[in-house]
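Asks: Have a look at this prediction, sequence included:
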Amino acid sequence: MKRIATTVCILFLVLFSYSQELNQVTFSNGANLSYYSFLVDNNVLIRVSEDGKILEWGEEVLSDRLYNYYAPKLQPYMGRVEYYGPESDSIFRGKVKSIGTAYITYYNSYEPAEKAGRLKTIGPLTMDYYSNYEDKMLRGKLKMIGDLSLDHYSSIENESYRGKLRSIGNTQITYYSVFDDKAIAGKVKSIGGTSILWYGTFDRPELKGALKSNYRQIVGSITYILR
């Protein structure tokens, strides 16, 4: 009986540790990173900006009129949410402490300026940021999520994509430049081995810059959303 109980506990911990993960990456106008979304318990997503601020949390709502279309705004989460109280470090006092079973921490006021007050952990995932000693365009942006490295194009790259997200782990992200088509310069060109297509200069004027491909692309275990 003791062996069975131990096995169940281990399985529970394993399942719990994998229940909180980077699940989505969303781009605005198909070009600039809007936020990262973390999946926690009960299909709840926590959206986090690239500089480590929690933007919103809740569940995605699938349209009953449009095929495979999800509302941009999340449906509010009605479960338990806790906040840091007056006894906490002043830099994260009043911030979200937990959403469901996902416990959340922040870097304290004694950390370097580029980290202080920013998101540190969601469940088992630890966040790290570019320091003030690194490329000026990247300072304060998320650099690591758990064991996933977030690489960015540097300030000396082509102006169409400098400072933008370059890769998540082994998944490379490329962008169109002015040499491809000025009408879609800066928009996502590929995610991993998946090409992203847009209407360009030689298409009908009313379509120029609009997305041809599906706006949700699943690459690896992450859903990339182009809004």
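Replies: Okay, I see it. The structure displayed is predicted, hence computed values, not measured ones.
Asks: got a list of what the spatially most central residue of the chain touches?
Replies: By CA atoms, centre = their mean, the chain has its centre lying nearest to residue 36, at 1.1 Å. Neighbour list for residue 36: 22, 24-26, 47-48, 50, 142, 145 [criterion: CB atoms under 8 Å, 6 or more residues apart in numbering]. All C-beta spots, glycine's among them, are computed from the backbone N, C-alpha and C.
Asks: Apply 7 Å and report the result again.
Replies: 22, 25, 48, 145 (CB atoms under 7 Å, 6 or more residues apart in numbering).
Asks: One more: residue 83?
Replies: Counting by CB under 7 Å, 6+ apart, residue 83 makes contact with 94-97.
Asks: Give me the number of neighbouring residues for the residue nearest to it when sequence neighbours are not counted.
Replies: Excluding the flanking residues, the one nearest residue 83 by CB to CB, 6 or more residues apart in numbering is residue 97, at 5.5 Å. Using other CB atoms under 10 Å, residue 97 is surrounded by 17 other residues.
Asks: Surely residue 97 and residue 106 touch.
Replies: No: under the criterion of CB atoms under 7 Å, residue 97 is not in contact with residue 106, lying 9.3 Å apart.
Asks: which outside residues touch stretch 111-119?
Replies: In contact with stretch 111-119 (CB under 7 Å, 6+ apart) are residues 48, 51-52, 54, 91-92, 106-109, 127, 129, 131-132, 139-140.
Asks: before we move on, what about stretch 51-68?
Replies: 35, 43-49, 69-71, 74-77, 96, 99, 118-119, 127, 129, 140-142.
Asks: Which among these count as buried?
Replies: 35, 44-49, 70, 74, 77, 96, 99, 118-119, 127, 129, 140-142 (16 or more other CB atoms under 10 Å).
Asks: Pull up the distance across stretch 204-220, start to finish.
Replies: Stretch 204-220 has an end-to-end distance of 34 Å (CA to CA, to the nearest Å).
Asks: Would you mark the buried spots in that stretch?
Replies: Counting neighbours by 16+ other CB under 10 Å, stretch 204-220 gives 209, 211, 215, 217, 219 as buried.
Asks: among the residues you listed, which are in strands?
Replies: Cross-referencing the buried residues of stretch 204-220 against strands under DSSP state E gives 217, 219.
Asks: my read: residue 185 touches residue 178, true?
Replies: Yes: Residue 185 lies in contact with residue 178 (CB under 7 Å); the separation is 4.6 Å.
Asks: so who does the nearest residue to residue 155 once chain neighbours are set aside touch?
Replies: Distances taken as CB to CB, 6+ apart place residue 137 nearest to residue 155, at 4.4 Å, with adjacent residues excluded. Remark: with contacts taken as CB under 7 Å, 6+ apart, residue 137 is in contact with 155, 162-163.
Asks: With distance to residue 194 and neighbour count added, can I get those residues in a markdown table?
Replies: A markdown table is the format used below for the contacts of residue 137 (distance: CB to CB, whole Å; neighbours: other CB atoms under 10 Å):
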| residue | distance to residue 194 | neighbour count |
| --- | --- | --- |
| 155 | 27 | 12 |
| 162 | 23 | 17 |
| 163 | 22 | 18 |
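Asks: Dump these to TSV, plus pLDDT, distance to residue 61 and secondary structure.
Replies: TSV is the format used below for the contacts of residue 137 (pLDDT from 0 to 100; distance: CB to CB, whole Å; DSSP: H, G, I helix; E, B strand; the rest coil):
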residue	pLDDT	distance to residue 61	secondary structure
155	95	39	coil
162	96	35	coil
163	96	32	coil
